[in-house]
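A.B. asks: I would like to see how this sequence folds:
(chains A, B, C and D)
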Number of protein chains: 4
Amino acid sequence: MKETVVRRIKDVQLKDPVLVEGLPGVGHVGKLVAEHLVEELKAEKIMEIYSPHFPPQVMVLEDGTIKQVRNEVYAYKGKSQGEPDLLLLVGDYQSATNEGHYELSGIFLDMAQEFGVKRIYTLGGYGTGQFVDKPTVLGAATSTALVDEMKGQGVMFQENEPGGGIIGISGLLLGLGHLRGFEAVCLMGVTSGYLVDPKSAQEVLKILTKILGLEVNMQALEDRAKEMEKIVGKLQEMERAQAPYECGGEEDLRYIG
Amino acid sequence: MKETVVRRIKDVQLKDPVLVEGLPGVGHVGKLVAEHLVEELKAEKIMEIYSPHFPPQVMVLEDGTIKQVRNEVYAYKGKSQGEPDLLLLVGDYQSATNEGHYELSGIFLDMAQEFGVKRIYTLGGYGTGQFVDKPTVLGAATSTALVDEMKGQGVMFQENEPGGGIIGISGLLLGLGHLRGFEAVCLMGVTSGYLVDPKSAQEVLKILTKILGLEVNMQALEDRAKEMEKIVGKLQEMERAQAPYECGGEEDLRYIG
Amino acid sequence: MKETVVRRIKDVQLKDPVLVEGLPGVGHVGKLVAEHLVEELKAEKIMEIYSPHFPPQVMVLEDGTIKQVRNEVYAYKGKSQGEPDLLLLVGDYQSATNEGHYELSGIFLDMAQEFGVKRIYTLGGYGTGQFVDKPTVLGAATSTALVDEMKGQGVMFQENEPGGGIIGISGLLLGLGHLRGFEAVCLMGVTSGYLVDPKSAQEVLKILTKILGLEVNMQALEDRAKEMEKIVGKLQEMERAQAPYECGGEEDLRYIG
Amino acid sequence: MKETVVRRIKDVQLKDPVLVEGLPGVGHVGKLVAEHLVEELKAEKIMEIYSPHFPPQVMVLEDGTIKQVRNEVYAYKGKSQGEPDLLLLVGDYQSATNEGHYELSGIFLDMAQEFGVKRIYTLGGYGTGQFVDKPTVLGAATSTALVDEMKGQGVMFQENEPGGGIIGISGLLLGLGHLRGFEAVCLMGVTSGYLVDPKSAQEVLKILTKILGLEVNMQALEDRAKEMEKIVGKLQEMERAQAPYECGGEEDLRYIG
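C.D. replies: Numbers count the residues shown, from 1 in each chain, chains lettered A, B, ... in the order given. From the prediction side, this is the model:
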């Protein structure tokens, strides 16, 4: 396999679908949100993408069978009034090479064009390097009109943030998409970046479902967030437990001296 | 040479051959097994594969002549009743690039298709980072039916093992092979991963020959395993010899104090 | 997007234009000079170059909108007598790969040929690893006649400097350009290489505008240089403040001893 | 420039020329020998090779002009009786990528075929990590007959040396050359590998000229070797000067204690 291969699983007719991308990245925020949507909406898999730009790897599943690493596209036909049709892009990895990022972005935009997509949401995490108490959602978009629209939905826009720009598929779908006439928004859940962050994913999901007019049960993500909060709580306790001990040692020494 | 080159050495007619891959990897387990089979079965070389994805290197042989690094395919026609015909894939290196892994896997699967291969065994090592007393063989396969068949042969399947999936040619022949309709099994000898491990290779060889219904003299591999056991034994002795010394030192200090 | 894409923004007719390249590099000297020229001359953007050899990234602008990283070509039609027409090559990044440097240089030379360019100036920094009091401009050129011409303009040429040659687009436009019959000069502002260096950029700009017979307001660059000088001054103060302290500590110890 | 370019400088007719490769490598041994031959034999440049697999760099020459990094082929027509015609391959760099090594080797072998070359000598260094008092020349060859012939000329062949095989162009011209029917020998001057080693180059040159029946003035290389010996001598003195000092310190302490 020398070239990226798109394997069509199923033909579907969608009406003005919205593309939502959630591939792995900082805090796995985008991945958590997009995979939650796939599950809760019972979206249907319509494509698998295999590429020599992914790591040369298979995953081993719980039953001992394997899965070639890939990206996948799921389709969802809006059920209740006002719900849009969706294309959901998820997967095991982003490209492992720079060139692959560009090639795969091009392939995804071709696919979006074919389905008549006009608007794209890319989901990611914005790592601050510190534990975040009240996660917010940072945005970037392809036009000032879109920026204003997103501000109205509670998305934060801070001058010069993220300072390093947006790297990978979540950035390129905006940058290359804009050049091809797509409207596109990147929603970044603020996160420490150290751990998988379902709490940050919850915030992104809340805003995204509000924007899209979707009703989605959030229990599964909330359960994972609570579990993770316990782990983070324990980590912080251990940190605090360690710190006074060290201080105590030092004070002791001074006292003796 | 800009492209991978397949050099045909000999034409052979095989009946439903089984492909066995044993290229270098963790503990050189797969390589030891496959090369042992080539030698003991007196398999015939039918192909050499040269690729710009291998390191730019020649090996220097004992007589001062050189060999361009390559992969090789050997053929074996089953002699006694019930023995299958075999294609054995061995070599000096796996691809040095991600893309090369995908390209070479594609070339090997083309070759398998041409020969009418239906089933593929890929051989590797599973590194635990600790010296292993009683080596076992871990498996992964392309279907649950195959998983069950392998369990019946003594292959272990553990949930979420290997956690990182299977990387390189041994993984891709399963992942890409499955997409092309091959049945494929990966047999991984559990090994420390620190040293070449002929003992682990013996376990893989035992299971593989049982599955294939082959009778193969295992003496050569047993001799190497015994030699290696002596080396490992000495390494462990040295470790033990060092450890009490350090402890003694500490106790000594406490005693004095 | 698998290939580099040149997007034509505007058609212009230029007369024997001179190509000036100032992409990011050591001390961002070349970038500062070329972007200053674009701004002061109100040059017009005529091309955008997108490439899979750039990082897979978008920049986030102050207003929350994004920009796909790229290179850009601006055109300037000489206004007063004696002013040449100019093509100015600027951008966010140079290629992230070796091969990309060669490919993009080829594309830029094709473009230069199309516009009838005869002479090229590439701008860069020459990092010395030390703070530079009086910045000078080091040169390299495609012929001894050009070297002599540049010496007459105050450009320094030192034997075996820069020792490591010139790396990246500023080097390749000379090397590959010379093979295709262009006259080309590289002007390198001597700089520490630690920080963005507008002072060094000022020196390069002075010489370049003299050579080209351009009148350009230098205030903006001067303001930035003064600002940067304050920062450097503080850094040096901090260094000096720290140094005697350490010495004092040592003297103290000796005194006690 | 996306592809490697061969620029023909001059047409020459050669009779059964021998190809000698001396590109930069360990201790620059091969480069020193081949460039010495080019100079002393006043060989004529007939080709320049430019490649995106070389570093993206120009060299700056003493007069301030530049040279695009490249490989070059020089031709020499044997003057006295028994002298062979020669093709000498020299240059600034070997390929910077694995794939480039394979591609360039293929291009050089095409060129060799075109000129009717039957035998190839590749020159390199074999780094031991220690200063070498009496340098020897280690060999590898494409056939046992050639190995025997080289032994007769004083070339050393040691079992399993070099253990890591031969990496880069000097290896591939043997490995890929052998597959295309060339006779090829690699001559490796044993060297520390820390410094440019003209003394080791002298040994390689002596053996090579004897084999080829060439008479070449060796003074220039001898002068450089003497110079380098002085530098090495000083380095060793400094090492010795440092060593007793440290020991003395330790003894002192023991004495006190």
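
A.B. asks: secondary structure class for the spatially most central residue of chain A?
C.D. replies: What sits nearest the mean C-alpha location of chain A, by CA atoms, centre = their mean, is residue A:30, with 1.0 Å. Following DSSP: H, G, I helix; E, B strand; the rest coil, we place residue A:30 in the helix state.

A.B. asks: Could you do the one 5 residues further on as well?
C.D. replies: Per three-state DSSP, the local secondary structure of residue A:35 is helix.

A.B. asks: Contacts only, for the closest residue to chain B within the stretch 51-200 of chain A.
C.D. replies: Of all residues in the stretch 51-200 of chain A, the one sitting closest to chain B is residue A:68 (3.0 Å; CB to the nearest CB). In this view, the C-beta of every residue, glycine as well, is placed from N, C-alpha and C. Residues touching residue A:68, when contacts are defined by CB atoms under 8 Å, 6 or more residues apart in numbering or on different chains, comprise A:50, A:58, B:172, B:174, B:175, B:176, B:178, B:179.

A.B. asks: ditto for residue A:201
C.D. replies: A:27, A:28, A:29, A:32, A:33, A:36, A:189, A:221, A:225.

A.B. asks: Surely the third one touches residue A:200?
C.D. replies: I take that to be residue A:29. Yes: here residue A:29 lies in contact with residue A:200, judged by CB atoms under 8 Å, at a distance of 5.0 Å.

A.B. asks: and for those two, which residues touch both?
C.D. replies: What both residue A:29 and residue A:200 touch, as defined by CB under 8 Å, 6+ apart, is the set A:125, A:189, A:191.

A.B. asks: re earlier: which strand residues sit across from the residue of the stretch 51-200 of chain A closest to chain B in the sheet?
C.D. replies: Following DSSP bridges, residue A:68 is listed with bridge partners residue A:58.

A.B. asks: how much space between it and residue B:94?
C.D. replies: Here the criterion is CB to CB, to the nearest Å. By it, residue A:68 lies 17 Å from residue B:94.

A.B. asks: Is there a neighbour count for residue A:72? I'd like the number.
C.D. replies: By other CB atoms under 10 Å in any protein chain shown, 18 other residues sit near residue A:72.

A.B. asks: Name the residues of the host helix or strand of it that come out as buried.
C.D. replies: Using DSSP states H and E, residue A:72 maps to strand A:71-76. For strand A:71-76, burial by neighbour count (16 or more other CB atoms under 10 Å in any protein chain shown) applies to A:71, A:72, A:73, A:74, A:75, A:76.

A.B. asks: got the contact list for the fifth one?
C.D. replies: This points to residue A:75. A:10, A:12, A:14, A:17, A:43, A:44, A:46, A:85, A:86, A:87, A:88.

A.B. asks: How many residues are close by residue A:203?
C.D. replies: 23.

A.B. asks: Tell me where the stretch 1-150 of chain A has helices.
C.D. replies: Secondary structure of the stretch 1-150 of chain A by DSSP state H, counting those that start in this stretch: the helices cover A:29-40, A:98-114, A:144-151.

A.B. asks: Can I get the second one in PDB, CA atoms only?
C.D. replies: Just to be clear, that refers to helix A:98-114. C-alpha atoms of helix A:98-114 as PDB (Å, rounded to 0.1, in the frame of the first residue of the first chain):
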ATOM      1  CA  ASN A  98       3.800  16.600   8.000                       C
ATOM      2  CA  GLU A  99       3.100  15.700   4.400                       C
ATOM      3  CA  GLY A 100       0.500  13.200   5.500                       C
ATOM      4  CA  HIS A 101      -1.400  15.900   7.400                       C
ATOM      5  CA  TYR A 102      -1.700  17.900   4.200                       C
ATOM      6  CA  GLU A 103      -2.600  14.900   2.000                       C
ATOM      7  CA  LEU A 104      -5.300  13.600   4.400                       C
ATOM      8  CA  SER A 105      -6.800  17.100   4.900                       C
ATOM      9  CA  GLY A 106      -7.200  17.300   1.200                       C
ATOM     10  CA  ILE A 107      -8.900  13.900   1.000                       C
ATOM     11  CA  PHE A 108     -11.300  14.900   3.800                       C
ATOM     12  CA  LEU A 109     -12.100  18.200   2.100                       C
ATOM     13  CA  ASP A 110     -12.800  16.300  -1.200                       C
ATOM     14  CA  MET A 111     -15.200  14.100   0.700                       C
ATOM     15  CA  ALA A 112     -16.900  17.100   2.400                       C
ATOM     16  CA  GLN A 113     -17.300  18.700  -1.000                       C
ATOM     17  CA  GLU A 114     -18.800  15.600  -2.500                       C
END
